[in-house]
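Participant: Give the three-dimensional model of this entry:
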Amino acid sequence: MMTFQYGSPRSSSDMNSFKSTASQKQFFIGSFSILSWLFFLSPLVLAVGLGPALSLAQDASSSKQPDSSKHPGFIIWSRANSTDNVPAEAVFFRRSFNTPSFHSKQTKAILQITCDDGYRVYINGQEIGSDKVWQSIESFDITAQLKTGKNAIAVQAENASSSPAGLFATIRFTDGKQTSQFHTDRTWKYSGVATPGWRFHDFKDDGWKNSFEQGKRGATNPWANTFTWQAKISKPKIRQAKRKNRTGFELVNGDRVVWLGDTFIERMQTNDYLETLLTTQFPHLDLKFRNLGWSGDNVFGLSRAVFGDQANGFRRLENDIKIADPTLIVIGYGRNESFLGTPFLPQFLAGLENLVKVLRTTRSDIVFLSPSLMENLGPPLPDPAEKNRRIRVYSQAIREFAKAHRCHFIDNLKPLGESTVSKTDVPAIRDRLTDNGLHFNEYGYWRTAPELAKKFGALDDPVKMIFDLQQKTLTATGTTIHSVQFHENQIEFVALDDRLMACPPPQYSPRGGSMMATHDRIQINGLTPGTYGLKMDGTPTIMASHQEWSVGVLINRSKYVSQPQQLRQLILRKNEMFFHRYRPQNETYLFLFRKHEQGNNAVEIPQFDPIVEDLEKQIQQLKKAKPIRYSLSKIETTGK
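Facilitator: Numbers count the residues shown, from 1 in each chain. Predicted coordinates:
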């Protein structure tokens, strides 16, 4: 369960003292009722004393409280009597409402809210603000979040300890001439579970119960008239995307790409070949990646529930997204759900609909990544034909869903395209991507990264270099060549690639797997007969005859350059630090039911943020290709 952090909870003695103070304040106000009436009859006060406008004009430090008769509203909770101690609990409140008939561009809407002990409030699904100081009534300008017609306010309210609990809120509309408002009362619905979609106006809350009115605000103990109305009206902190509008689908400068999905996504953290390739393919773009994959997860966030229920898991998913702060979200769900068969498809699509609705409150672009087919690895493993049929059905449903919601769809059903891995027969060893037909191994992630990167706009053009020793000319593609020195049977030059080369194949690649690496072509004409060797920054790489050099030699240069692997290891380290940031191993002690033992250490979790940021800076430096010095010379051979 996602919880708020508070200061020291109130003890019973604190509460008794507080109740006594509240009673004294009530007596004090009552004993000066005549003076109060004279005060409120003054023309100056009448000019500004209509409704909450008076409170907005008051200084936050003022001890004077608004007249409750001019600030109607009830304190509500999910229990008949929450003025006495009630258990620590989270309760979810909501109310649908229509904007007033005079609603126009000139209409302003102000939300005022507090909760004993804390709250997080949403308007039409967008988070507006939160607070954990219950004595203070906060004000928010929610004008920009409203739309003509039906809207919804939703509040996650929490009582942090065994103590009284209550929620108060009011929304006031005005266009300068007319005023309308509504407040918390028994018409507000509540539930102990955050059902998916509960924050939005079209949520059906028929199964939710009506709230209990604890009494009028300002006239109900133990709170009485002790609330402080804050003069400042806050603007909701709605994140604005850092990037400009996309042209079609493309990665753009400032993108923060969030991977969200199941096991395939989660294992990309350690098998980070796709992220490394995308990082190097766009060296002039400021790109950042965050992985929120979770093994066995689905669109309902079920695996994220830890010790809670599905609703807890989805709330966790929402909070994870908030931490990641995306501009582009890649959703990789559907495979786990497909194993439940086509009867489950409507439920999956309903869950996907709710997920997208929540994700769109971040103002991020959304991309759907289809699940991939299972591999048929032959006996003794079962034939996955029936499971693949279901995966195809779900993949097509996701494609149609993406089209209906105007989102980009990436077809990853066949990760290698029309190769042997996509057919029903057993693929060749070098085409096998998994160990068990289902889960990709390291080689599978490396092998499929170039094909998947192209679907994100990456180029797939190998570097080509052509030299003519006789004419002393050169041409190059994908690299810039300079400092060329032509000699008889020898050439030296420096090349700076447009992009850093891809990573070499993993150490434990299958037989023939290294053949699938990117091979660049170096062609040198005009060599005299003999054998010639190429060095890269002084490291011997490959030997070939003058005939082979004249037609072009293919070389996997990444085997001889350490920079791509250094970059991948840096990205791996960054992913690990972010993993500890949003998913600490000991979160039961930090945030959940054992936080009373080590919860004080929770303050260290945000300290991962600067570590991640520092690694990001190092990645930005290392992702750009560096010059490499090449030399080709004749190798003298001696006979026996």
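
Participant: Tell me who's in contact with the closest residue to residue 91 other than its chain neighbours.
Facilitator: The shortest distance from residue 91 to any non-neighbouring residue, by CB to CB, 6 or more residues apart in numbering, is to residue 78 (4.6 Å). (Each C-beta comes from the backbone N, C-alpha and C, glycine too.) Shown in contact with residue 78 (CB atoms under 8 Å, 6 or more residues apart in numbering): 89, 91, 190, 192, 209, 211, 212.

Participant: Low-confidence ranges, this structure, go.
Facilitator: Where the chain drops to pLDDT under 70, the residues are 1-72, 231, 237-248, 418-426, 637-640.

Participant: Strands of the stretch 51-200 of the chain, start to end?
Facilitator: Along the stretch 51-200 of the chain, the stretches classed as strands by DSSP state E, counting those that start in this stretch are 74-77, 89-98, 108-116, 118-123, 126-131, 136-141, 150-159, 166-174, 179-183, 189-191.

Participant: Any chance of a markdown table for those, columns distance to residue 508 and mean neighbour count?
Facilitator: Below are those laid out as a markdown table (distance: least, CB to CB, whole Å; neighbours: other CB atoms under 10 Å):
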| stretch | distance to residue 508 | mean neighbour count |
| --- | --- | --- |
| strand 74-77 | 59 | 27 |
| strand 89-98 | 47 | 20 |
| strand 108-116 | 55 | 23 |
| strand 118-123 | 47 | 23 |
| strand 126-131 | 45 | 20 |
| strand 136-141 | 56 | 20 |
| strand 150-159 | 47 | 23 |
| strand 166-174 | 57 | 24 |
| strand 179-183 | 65 | 18 |
| strand 189-191 | 51 | 20 |
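
Participant: Let me have the ones you listed in TSV, adding distance to residue 368 as columns.
Facilitator: Listed next are these as TSV, based on distance: least, CB to CB, whole Å:
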stretch	distance to residue 368
strand 74-77	40
strand 89-98	29
strand 108-116	34
strand 118-123	25
strand 126-131	22
strand 136-141	34
strand 150-159	26
strand 166-174	36
strand 179-183	39
strand 189-191	30
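
Participant: Any idea which of those strands gets closest to residue 574?
Facilitator: Of all these, strand 126-131 sits nearest to residue 574, with 26.8 Å by CB to CB.

Participant: any idea how far the closest one is from the chain center?
Facilitator: 18 Å (CA atoms, centre = their mean, to the nearest Å).

Participant: Parallel or antiparallel, list what pairs with that strand.
Facilitator: strand 118-123 (antiparallel) (DSSP bridges).

Participant: Could you figure out how far the strand it pairs with is turned away from strand 136-141?
Facilitator: Per axes from the mean of the first three to the mean of the last three CA atoms, to 10 degrees, the angle that strand 118-123 makes with strand 136-141 is 20 degrees.

Participant: residue ranges for the strands of the stretch 501-640 of the chain, please.
Facilitator: Going by DSSP E, counting those that start in this stretch, the stretch 501-640 of the chain shows strands at 520-525, 531-536, 539-545, 553-555, 628-635.

Participant: nearest to residue 284, of these?
Facilitator: The nearest among the strands of the stretch 501-640 of the chain, by CB to CB, is strand 628-635 at 19.7 Å.

Participant: Quick one: list the elements packing against that closest one.
Facilitator: strand 490-497, strand 531-536 (3 or more CB pairs under 8 Å, 6 or more residues apart in numbering; DSSP states H and E).

Participant: Just put these in a markdown table and tack on mean neighbour count and distance to residue 116.
Facilitator: Shown next, in a markdown table, are the helices and strands packed on strand 628-635 (neighbours: other CB atoms under 10 Å; distance: least, CB to CB, whole Å):
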| stretch | mean neighbour count | distance to residue 116 |
| --- | --- | --- |
| strand 490-497 | 18 | 62 |
| strand 531-536 | 18 | 69 |
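
Participant: Can you show me the CA trace of stretch 149-165 as CSV?
Facilitator: Only the C-alpha atoms of stretch 149-165 are listed here, as CSV (Å, rounded to 0.1, in the frame of the first residue of the first chain):
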residue,chain,number,x,y,z
GLY,A,149,-19.9,18.9,-18.3
LYS,A,150,-19.1,16.0,-16.1
ASN,A,151,-15.9,16.0,-13.9
ALA,A,152,-14.7,14.1,-10.9
ILE,A,153,-12.8,14.8,-7.7
ALA,A,154,-11.0,11.9,-6.1
VAL,A,155,-9.1,11.9,-2.8
GLN,A,156,-6.9,9.3,-1.3
ALA,A,157,-7.3,10.0,2.4
GLU,A,158,-5.2,8.4,5.2
ASN,A,159,-5.3,8.2,8.9
ALA,A,160,-1.7,7.5,9.9
SER,A,161,-2.3,6.3,13.4
SER,A,162,-5.1,5.3,15.8
SER,A,163,-6.7,8.7,16.1
PRO,A,164,-9.7,10.8,14.9
ALA,A,165,-10.0,11.0,11.1
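
Participant: ok, and the closest residue to residue 516 other than its chain neighbours, which helix or strand is that part of?
Facilitator: Nearest non-adjacent residue to residue 516, counting by CB to CB, 6+ apart: residue 447, 5.8 Å away. In the assignment (DSSP states H and E), residue 447 maps to helix 442-454.

Participant: quick one: strands adjacent to the helix or strand just after that helix?
Facilitator: As assigned by DSSP H and E, the chain's next helix or strand after helix 442-454 is strand 464-468. Strand 464-468 sits in its sheet next to strand 473-477 (antiparallel), strand 520-525 (parallel), going by DSSP bridges.

Participant: out of the ones you listed, deepest packed?
Facilitator: Counting by mean count of other CB atoms under 10 Å, strand 520-525 has the highest mean neighbour count of the strands paired with strand 464-468, with a mean of 19.

Participant: Output that one as CSV, nothing but the C-alphas.
Facilitator: In CSV, the C-alpha atoms belonging to strand 520-525 read as follows (Å, rounded to 0.1, in the frame of the first residue of the first chain):
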residue,chain,number,x,y,z
ASP,A,520,31.8,-3.2,-41.5
ARG,A,521,33.5,-3.2,-44.9
ILE,A,522,37.1,-1.9,-45.5
GLN,A,523,38.3,-2.0,-49.1
ILE,A,524,41.8,-1.1,-50.2
ASN,A,525,42.8,-1.1,-53.9
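
Participant: All the helices of the stretch 251-400 of the chain, residue numbers only.
Facilitator: Assignment of helices within the stretch 251-400 of the chain using DSSP state H, counting those that start in this stretch yields the ranges 263-266, 273-281, 310-324, 335-338, 345-359, 385-404.

Participant: Next, the buried residues of stretch 366-378.
Facilitator: The neighbour-count check on stretch 366-378 (16 or more other CB atoms under 10 Å) flags 366, 367, 368, 369, 370, 371, 372, 373, 374, 375, 376, 377 as buried.

Participant: picking that back up, any chance of a markdown table for the strands of the stretch 501-640 of the chain, columns distance to residue 438?
Facilitator: Output for the strands of the stretch 501-640 of the chain, formatted as a markdown table (distance: least, CB to CB, whole Å):
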| stretch | distance to residue 438 |
| --- | --- |
| strand 520-525 | 34 |
| strand 531-536 | 39 |
| strand 539-545 | 38 |
| strand 553-555 | 34 |
| strand 628-635 | 40 |
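
Participant: closest one to residue 485 among those?
Facilitator: strand 628-635 (9.0 Å).

Participant: List the buried residues of that closest one.
Facilitator: Those would be 628, 630, 631, 632, 634, for strand 628-635 by 16+ other CB under 10 Å.

Participant: Tell me which two in the residues you listed are the farthest apart.
Facilitator: For those, the farthest-apart pair by CB to CB is 628 and 634; their separation is 21.0 Å.

Participant: From residue 116, how far out is residue 166?
Facilitator: Residue 166 sits 5 Å away from residue 116, taking CB to CB, to the nearest Å as the criterion.

Participant: same check, this time on residue 463
Facilitator: Taking CB to CB as the measure, residue 463 falls 66 Å from residue 116.

Participant: same deal with residue 541?
Facilitator: 71 Å.

Participant: rewinding a little: mind checking how far the residue nearest to residue 516 is from residue 271?
Facilitator: Counting by CB to CB - residue 447 and residue 271 are separated by 11 Å.

Participant: who's more crowded, those two?
Facilitator: residue 447 (26 against 21; other CB atoms under 10 Å).
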